[in-house]
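**Q** Model the structure of this input:
(chains A and B)
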Protein chains: 2
Amino acid sequence: MLITSLQNQYIKQLVRLKQKKNRDEDQLFIIEGYHLVEEAMLAGIVDRLILRIGTKYQNPFNDVIYVSDEVMKKLTSTVSLVDIAALCHYVEPKKKLGDHIVMLDDLQDPGNVGTIIRTALSFGYHDVILSNNSVDIYNEKLIRSSQGAIFKANIFHDRLLPLINSLKQQDYTIYGTSLKNGIGLSKIKQKAKTVLIFGNEGQGINDEILASTDTNIFIEISDFESLNVAVAAGICLYKLRVDDLD
Amino acid sequence: MLITSLQNQYIKQLVRLKQKKNRDEDQLFIIEGYHLVEEAMLAGIVDRLILRIGTKYQNPFNDVIYVSDEVMKKLTSTVSLVDIAALCHYVEPKKKLGDHIVMLDDLQDPGNVGTIIRTALSFGYHDVILSNNSVDIYNEKLIRSSQGAIFKANIFHDRLLPLINSLKQQDYTIYGTSLKNGIGLSKIKQKAKTVLIFGNEGQGINDEILASTDTNIFIEISDFESLNVAVAAGICLYKLRVDDLD
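**A** Below is the predicted model of the structure:
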């Protein structure tokens, strides 16, 4: 099938998916570029490939539409013209969690969150839970900066405080991160079951969540300096990587 | 002084500074937003404040121009309207280097480089040297993601290989970073004089530079995963922070 008109009803359906509320309604989202599409195919979440006219792409996957340059531009968000995109369906998150969990409290920057998910997976943390006020998981920039990690990790939004309290009952050690008070990261040890929480780019973790943790960690840096939250998360996740159990 | 016309010659001079070649010619650049302007004032590099009409800003700094919303939009690059901007002059880099140096080999993403400079400073690395093919230091996005760290660090572009060879003669230990071969970061120790090198987002460090190091480091991550270079740099800089000498 070849579609060249922006007025095509199906294309209009796809363009709607740029808004979160429409994605949530349809439980569908669009990704772009070879790397992400291949990661999504491996994850088995691709419903349909969308190829720019003239793009050669060998694949065992049958449901393909071809679109004109103009239509592809309308469907995608990167500045350069994209050869390949894919329509994907949402994944139902697993409520059964692993032993090492990342929580993100009101993070707003999609690039930071995507990067943290990618890093979490690299260090063995497969569950990432975002507070309800955090950025949408299916934000295009988030997906891009995750480099496909969002297709492999178990990610969902939830209210953090009740979940923290429930996980404490299940013998998880809850580590918050803080700019001011707490224990230096170099003194922190990995545990059998860990929750590691990072906070908003400007404000950090909300006070009531900081008060509910077992220990709050700070990273030993020079006075008057600060770290980007994705860098701070990377450092903590490295120090508390899953294969470095005591 | 109040300027409301985009045709004003001085405004045209300032708008030119959006291009690197004009910045280099005039040795001037523009920054925007309260935080960066205040950091730049502390660093003593502000030549003139640029305020949006109606902005109240108490400061001991006399040279101020006021501009209309339209002019401010033309001068700045953030989507939201900016209240304050500043014209700054380039800083002459110090050729006398400290004992702990970061080198960036052909990094292209201004956000990554700004973030790395911010992180370097946080862990006591005050010298950051970029290969000549790396992104421009005065790129607006780089400055923004550095959160003002570029006004405090000593940063310049240079040919890395001759410099590495010269620093080796001065008893620096040269650590490269590599995805594949090398020694796991957890086994690496800080030294009295260190150079830490990070490579291009896609290709990593150039082969001839990797071959010139004393040791190449890799970060122990799960198979099939990867890290963003600013995160990887954060982890290495934390592990080899200056105040953690053996």
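
**Q** what's the angle between the lengthiest helix in chain A and helix B:110-122?
**A** Counting residues, the longest helix found in chain A (DSSP state H) is helix A:110-122. With axes from the mean of the first three to the mean of the last three Cα atoms, to 10 degrees defining the directions, helix A:110-122 sits at 70 degrees from helix B:110-122.

**Q** any idea how far helix A:110-122 is from the chain center?
**A** 6 Å (Cα atoms, centre = their mean, to the nearest Å).

**Q** Using PDB, write down the CA coordinates of the next helix or strand after that helix.
**A** Counting by DSSP states H and E, the element after helix A:110-122 in chain order, helix or strand, is strand A:127-131. The C-alpha coordinates for strand A:127-131 follow below in PDB (Å, rounded to 0.1, in the frame of the first residue of the first chain):
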ATOM      1  CA  ASP A 127      12.000  -2.200  36.600                       C
ATOM      2  CA  VAL A 128      11.500   1.600  36.300                       C
ATOM      3  CA  ILE A 129       8.600   3.200  38.000                       C
ATOM      4  CA  LEU A 130       7.700   6.800  37.300                       C
ATOM      5  CA  SER A 131       5.500   9.000  39.600                       C
END
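
**Q** pLDDT of the next helix or strand after strand A:127-131, averaged?
**A** Counting by DSSP H and E, the element after strand A:127-131 in chain order, helix or strand, is helix A:140-146. Here helix A:140-146 scores 95 as its mean pLDDT.

**Q** other SSEs contacting helix A:140-146?
**A** Contacts defined by 3 or more Cβ pairs under 8 Å, 6 or more residues apart in numbering or on different chains; DSSP states H and E place helix A:140-146 against strand A:28-32, helix A:110-122. For the C-beta atoms, the positions are set from N, CA and C on the backbone; glycine is no exception.

**Q** quick revisit: convert the C-alpha atoms of the longest helix of chain A to PDB, please.
**A** The C-alpha trace of helix A:110-122 is given here as PDB (Å, rounded to 0.1, in the frame of the first residue of the first chain):
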ATOM      1  CA  PRO A 110      12.300  13.200  28.400                       C
ATOM      2  CA  GLY A 111      16.000  13.000  27.500                       C
ATOM      3  CA  ASN A 112      16.900  12.500  31.100                       C
ATOM      4  CA  VAL A 113      14.300   9.800  31.700                       C
ATOM      5  CA  GLY A 114      15.200   7.900  28.500                       C
ATOM      6  CA  THR A 115      18.900   8.000  29.400                       C
ATOM      7  CA  ILE A 116      18.200   6.800  32.900                       C
ATOM      8  CA  ILE A 117      16.100   3.800  31.600                       C
ATOM      9  CA  ARG A 118      19.000   2.900  29.200                       C
ATOM     10  CA  THR A 119      21.500   3.200  32.100                       C
ATOM     11  CA  ALA A 120      19.300   1.200  34.500                       C
ATOM     12  CA  LEU A 121      19.100  -1.700  32.100                       C
ATOM     13  CA  SER A 122      22.800  -1.600  31.600                       C
END
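
**Q** for that helix, packing partners?
**A** Checking 3+ Cβ pairs under 8 Å, 6+ apart, helix A:110-122 ends up next to strand A:100-105, strand A:127-131, helix A:140-146, helix A:229-239, helix B:229-239.

**Q** what lines up beside the first one in the sheet?
**A** It refers to strand A:100-105. strand A:127-131 (parallel), strand A:194-199 (parallel) (DSSP bridges).

**Q** which of these is buried the deepest?
**A** Most buried of those, by mean neighbour count (mean count of other Cβ atoms under 10 Å in any protein chain shown): strand A:194-199, with a mean of 25.

**Q** what residues are up against A:Glu70?
**A** Contact partners of A:Glu70, counting by Cβ atoms under 8 Å, 6 or more residues apart in numbering or on different chains, are A:4, A:6.

**Q** mean confidence for the host helix or strand of it?
**A** Secondary-structure element containing A:Glu70, defined by DSSP H and E: helix A:69-75. Per-residue pLDDT over helix A:69-75 has a mean of 95.

**Q** How far away from the center of its chain is it?
**A** How far helix A:69-75 lies from its chain's middle: 25 Å, per Cα atoms, centre = their mean.

**Q** Could you tell me the angle between the helix or strand that that helix is followed by and strand A:28-32?
**A** Downstream of helix A:69-75, the next assigned helix or strand under DSSP H and E is strand A:84-89. Angle, strand A:84-89 to strand A:28-32, by the same axes, to 10 degrees: 160 degrees.

**Q** Now do the buried residues in strand A:84-89.
**A** Under the neighbour-count criterion of 16 or more other Cβ atoms under 10 Å in any protein chain shown, strand A:84-89 has A:84-88 buried.

**Q** Quick check: neighbours of it in the sheet, parallel or antiparallel?
**A** strand A:28-32 (antiparallel), strand A:46-52 (antiparallel).

**Q** With adjacent residues omitted, what lies nearest to A:Ser146?
**A** Setting aside the residues directly before and after it, A:Ser146 is nearest to A:Gly114 in space (Cβ to Cβ, 6 or more residues apart in numbering or on different chains), at 3.8 Å.

**Q** How about A:Ala192?
**A** Spatial nearest neighbour of A:Ala192, excluding adjacent residues (Cβ to Cβ, 6+ apart): A:Asp99 at 6.4 Å.

**Q** Same question for A:Lys191.
**A** In space, A:Lys191 is closest to A:Thr173, 4.3 Å off (Cβ to Cβ, 6+ apart).

**Q** Surely the one you found touches A:Ile197?
**A** No - using Cβ atoms under 8 Å, A:Thr173 is not in contact with A:Ile197, being 11.5 Å away.

**Q** Kindly report the domain assignment for chain A.
**A** Split into domains by automatic domain parsing, chain A comes to A:2-89, A:100-244.

**Q** Look up which residues are beta-bridged to A:Phe198.
**A** Residues in beta-bridge contact with A:Phe198 (DSSP bridges): A:Leu104.

**Q** mind listing what it touches?
**A** Contacts of A:Phe198 by Cβ under 8 Å, 6+ apart are A:102-105, A:107, A:116, A:177, A:205, A:229, A:232-233, A:236.

**Q** Over to A:Val91?
**A** Contacts of A:Val91 (Cβ under 8 Å, 6+ apart): A:43, A:45, A:151.

**Q** isn't A:Pro93 right up against A:Ile150?
**A** No - counting by Cβ under 8 Å, A:Pro93 does not reach A:Ile150; the two are 11.2 Å apart.

**Q** which of the two has more neighbours?
**A** Taking neighbours as other Cβ atoms under 10 Å in any protein chain shown, A:Pro93 and A:Ile150 compare with A:Ile150 leading, 28 against 17.

**Q** what stretches of chain A score poorly on pLDDT?
**A** Confidence mapping of chain A against pLDDT under 70 gives the ranges A:60-62, A:244-246.

**Q** Near chain B, which residues of it are found?
**A** By the rule Cβ under 8 Å from any Cβ of the partner chain, the part of chain A lying against chain B is A:111, A:115, A:118-119, A:121-124, A:145, A:147, A:149, A:185-186, A:219-222, A:225-228, A:230-235, A:238-239, A:241, A:243-244.

**Q** Out of those, which end up buried?
**A** Buried among those by 16+ other Cβ under 10 Å: A:111, A:115, A:118-119, A:121-124, A:145, A:147, A:149, A:185, A:219, A:221, A:225-228, A:230-235, A:238-239, A:241.

**Q** From the buried residues of strand A:84-89, pick the one nearest chain B.
**A** If you rank these by distance to chain B using Cβ to the nearest Cβ, A:Ile84 comes first, at 18.2 Å.

**Q** show me what contacts that closest one?
**A** By Cβ under 8 Å, 6+ apart, the neighbours of A:Ile84 are A:32-34, A:37, A:49-52, A:55, A:57.
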